[in-house]
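[1] Build the 3D model from these lines:
(one chain, ligands or ions: 2)
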Amino acid sequence: MEKMTAAQARQVEAIGKHVRLEGWLRTRRDSKGGFSFLELNDGTCLGNVQVVAPAALPNYESEIKKLPVGASVRITGEVKQSPAKGQPTEIHADRVELVGTADPEKYPLQKKGHSFEFLRTIAHLRPRTNTFGAVMRVRNRISKSIHDFFQERGFLYVHAPIITASDCEGAGQMFKVTTLDLNKVPRAEGAVDYGQDFFHRPSFLTVSGQLEAEIFACSLGLVYTFGPTFRAENSNTPRHLAEFWMVEPEMAFYDLNDNMDLAEAFIKRLIKDALEHQAEDMQFFQERVDKEIIARLEGVLKHDFVRLSYTEAIEILLKSGQQWQFPVSWGTDLQSEHERYLSEQHFKKPVILFDYPKGIKSFYMRLNEDGKTVRAMDVLVPGVGEIIGGSQREERLDVLEARMKEMNLDPEAYWWYLDLRRYGTVPHAGFGLGLERTVQFITGMANIRDVIPCPRTPGSAEF
Ligand code: 4AD
Ligand code: MG
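    Ligands and ions are numbered 1, 2, ... in the order given. Prediction:
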């Protein structure tokens, strides 16, 4: 006897085999003809395995006919071709064993069709629903594709630290890491005495692995980081999390155009793999979540991304005749409404905006000849808005130091970052892709809280 997953047992290759299968009961139907039909799901695929349990089984009356939805069961039996539509196989059970019951009076997923809002309150049970199973499988596929894409191109996976003393984005929205007793904070000359803290200095959860990735790009060439990042901004939007995952490639001897080419190829690869390898899940999203999703993604694959300067984008937005909640003018940061207008309505495809005003971007971006803009790029996609932020980095020591001072950053604190420019400096570039926004983009899920196992948002961190 072979132990099989549902995904395997649903393949025609399994027909004729005697197998053992374990999972959770999704539905049970007792027919008058002396059978019960059990729909079993073990999470390995969207579709359930249909199990035919004959009345002749010794525990039929005592157990099988009472199996509640949500119970875990173990079955053995023979895989046969299914006469029913929508499933290639079914299993004729010779043994059905209840492993763990689920009280039908209390099990919250007894009925189908709960709202995503409700499911967030039972985030520990929602992976048992079709939607969250599909989200998790697509998320897994995207993660695999991320590694595949970079590994195939010779990139080195670098593990950036999670605890850091530097603020990469310079926005000051970091979570502090401390072992100080908050009831008895040590003070020296009125200020907190971080000398007594664990690291002898203020330290934080990282907002980005970029600065550390630059260290490795400036010695090993092509690298990427992929890990959790943290932002303590009080943003309650469908696109912000306090803890999210980011992929950050960093490439020596790349300029901004090389960076854009890589970002476009990368996004297309993630889409292609999801459509190809998660076809059943993607079909589900198309039917249940977003009727346009597959057509939209296929459209993205077919066309080149639009590449447009920030200045040109502002002109388009000013001429659009739209009423904006946040007014547009050269020098202001684009809001989600503007980003989505450009990619969803105006161009109807992904747009890469570049050369942003230096005043709204980070200190490390390379200054253009005009002295006003930096070699930044944001990739905007329909349905989500910004999915990637990146830039060519400032590799000129004097310009970088001047920029840091201009932005009230202490060059001393970044001595190691400046060393990369002191010794064998190279033009280099990189970007960060938000994993959860990518999962949203590919699945059509509207709320970012519904594409991560345990969402962390202001006021919310259950288990
Ligand atoms: O644009 P961001 O802030 O760029 C950086 O952090 C750079 N250091 C990246 C780099 O050049 N290596 O963030 C990059 C991406 C965004 O485009 C977005 O997809 C995602 O990270 N992101 C968030 N996702 C969920 N919740 C948040 N609060 C996010 N903030 C950024
Ligand atoms: Mg950004």
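[2] So what are the sheet partners of the top strand by length along the chain and their directions?
    For the chain, the longest strand by residue count, based on DSSP state E, is strand 18-31. Paired strands of strand 18-31, with direction, are strand 2-3 (parallel), strand 35-41 (antiparallel), strand 72-81 (antiparallel) (DSSP bridges).
[3] Buried residues in the longest one, which are they?
    Just to be clear, that refers to strand 72-81. Buried residues in strand 72-81, counted by 16 or more other C-beta atoms under 10 Å: 72-73, 75-77, 79. Glycine gets a C-beta too; all of them are placed from N, C-alpha and C.
[4] Same question for stretch 354-365.
    Applying 16+ other C-beta under 10 Å to stretch 354-365 flags 354-358, 361-365 as buried.
[5] can you list the weak-confidence ranges in the chain?
    171-172 (pLDDT under 70).
[6] residues in it within reach of ligand 1, list them.
    For the chain, the residues in contact with ligand 1 (C-beta under 6 Å from any ligand atom) are 168-169, 208, 210, 231, 240-241, 244, 246, 248, 386-391, 430-432, 434, 436-437.
[7] change it to 5 Å
    With C-beta under 5 Å from any ligand atom as the criterion, the chain meets ligand 1 at residues 208, 210, 231, 240-241, 244, 248, 386-387, 389-390, 430-432, 434, 437.
[8] Mark which of those are part of helices, please.
    210, 437 (DSSP state H).
[9] Next step: the residues of the chain next to ligand 1 restricted to strands.
    Those of the residues of the chain next to ligand 1 lying in strands (DSSP E): 244, 248, 386-387, 389-390, 430-432, 434.
[10] can I get the residues you listed in CSV with neighbour count?
    As requested, those are exported to CSV (neighbours: other C-beta atoms under 10 Å):
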residue, neighbour count
244, 20
248, 25
386, 18
387, 25
389, 21
390, 27
430, 27
431, 25
432, 23
434, 23
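[11] Which two of those residues have the greatest separation?
    With C-beta to C-beta as the measure, no two of these lie farther apart than 244 and 430, at 17.7 Å.
[12] Nearest to residue 403 among the residues of the chain next to ligand 1?
    Nearest to residue 403, judged by C-beta to C-beta, of those is residue 210 at 15.7 Å.
[13] contacting residues for the residue in the stretch 251-400 of the chain positioned nearest to ligand 1?
    Nearest residue of the stretch 251-400 of the chain to ligand 1: residue 389, at 2.3 Å (C-beta to the nearest ligand atom). Contacts for residue 389 (C-beta atoms under 8 Å, 6 or more residues apart in numbering) come out as 376-378, 431-432.
[14] So what pairs up with it in the strands?
    Here residue 389 sits in beta bridges with residue 378, residue 432, going by DSSP bridges.
[15] Give me the distance between it and residue 425.
    Applying C-beta to C-beta, to the nearest Å, one obtains 23 Å for the distance of residue 389 from residue 425.
[16] repeat for residue 116
    48 Å.
[17] Tell me how many other residues surround residue 384.
    Residues within reach of residue 384, counting by other C-beta atoms under 10 Å, total 27.
[18] swap in residue 213?
    Neighbourhood size, residue 213 [other C-beta under 10 Å]: 23.
[19] Residue 225 is in contact with that one, correct?
    Yes - between residue 213 and residue 225 there is a contact under C-beta atoms under 8 Å: 5.0 Å.
[20] what is in contact with the two at once?
    The contact sets of residue 213 and residue 225 overlap at 158, 160, 248, 250 (C-beta under 8 Å, 6+ apart).
[21] Quickly name whichever of the residues you listed is closest to residue 340.
    The nearest member of these to residue 340, counting by C-beta to C-beta, is residue 248 at 23.9 Å.
[22] Tell me which residue of the protein is furthest from the middle?
    Going by C-alpha atoms, centre = their mean, the residue of the chain most distant from its centre is residue 56, 48.1 Å out.
[23] give me every residue that touches residue 36.
    Applying C-beta under 8 Å, 6+ apart to residue 36 gives the contacts 28-30, 52-53, 55, 60, 64-65, 67.
[24] how's the protein carved up into domains?
    Here the domain parsing of the chain from automatic domain parsing is 2-100, 127-162+207-450, 172-206.
[25] Quick check: which of those has the most neighbours on average?
    Of all these, domain 127-162+207-450 has the most neighbours on average by mean count of other C-beta atoms under 10 Å, namely a mean of 19.
[26] Which parts of the protein are helices?
    All helices of the chain, identified by DSSP H, fall at 6-9, 116-121, 130-152, 210-220, 256-277, 279-288, 293-302, 310-319, 336-340, 397-406, 415-422, 435-443.
[27] and of those, who's closest to residue 86?
    helix 279-288 (11.1 Å).
[28] What lies in contact with that closest one?
    Helix 279-288 is contacted from outside by 45-47, 130-131, 134, 137-138, 274-275, 293-294, 443-445, using C-beta under 8 Å, 6+ apart.
[29] one more time with 10 Å
    Helix 279-288 has contacts (C-beta atoms under 10 Å, 6 or more residues apart in numbering) with 7, 10, 45-47, 130-131, 133-138, 141, 271, 274-276, 278, 291-297, 442-445.
[30] same question, stretch 81-94
    Contacts of stretch 81-94 (C-beta under 10 Å, 6+ apart): 4, 6, 8-21, 35-40, 47-54, 56-57, 64, 73, 75-80.
[31] again, only using 8 Å
    Contacts to stretch 81-94, defined as C-beta under 8 Å, 6+ apart, come from residues 9-12, 14-15, 19, 21, 38, 47-54, 57, 75-80.
[32] and what of stretch 140-157?
    The contact list for stretch 140-157 (C-beta under 8 Å, 6+ apart) reads 216, 220-226, 247, 249, 265-266, 269-270, 273-274, 277-278, 435, 438-439, 442.
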